[in-house]
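Chemist: Here you go, sequence then predicted model.
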Amino acid sequence: MERFPAGAPRGSWPAEEYAAKRRAEGQSATVVMDLKSDAFLVVVPTGDDD
């Protein structure tokens, strides 16, 4: 999981760009908003289901 502040400069989408790179590598990546911390989280499953 990677964390990106929600206050990125206008026209900049760092969380979406990071997720797109992971998807291009064949990984599943989802962007979600953490309202408490005012940040976007990019969730990439690792496959470790312990």
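Modeler: Received the coordinates, thanks.
Chemist: For the rest of this, base every contact and every neighbour count on C-alpha atoms.
Modeler: OK.
Chemist: which stretches of the protein have low pLDDT?
Modeler: 48-50 (pLDDT under 70).
Chemist: Tell me what the residue nearest the centre of it is bridged to.
Modeler: For the chain, the residue sitting closest to the mean C-alpha position, by Cα atoms, centre = their mean, is V42 at 2.0 Å. Applying DSSP bridges to V42 yields these beta-bridge partners: E2, V31.
Chemist: My read is that it contacts W13, right?
Modeler: No - taking contacts as Cα atoms under 8 Å, V42 lies outside contact range of W13: 11.9 Å.
Chemist: coming back round to it: which ones are touching the residue nearest to the centre of the chain?
Modeler: 1-3, 15, 18-19, 29-32 (Cα atoms under 8 Å, 6 or more residues apart in numbering).
Chemist: Try it again at 10 Å.
Modeler: 1-4, 14-16, 18-19, 22, 29-33 (Cα atoms under 10 Å, 6 or more residues apart in numbering).
Chemist: Can you flag the buried ones in those?
Modeler: By the neighbour-count criterion of 16 or more other Cα atoms under 10 Å, the contacts of V42 include these buried positions: 3-4, 14-16, 18-19, 22, 29-31.
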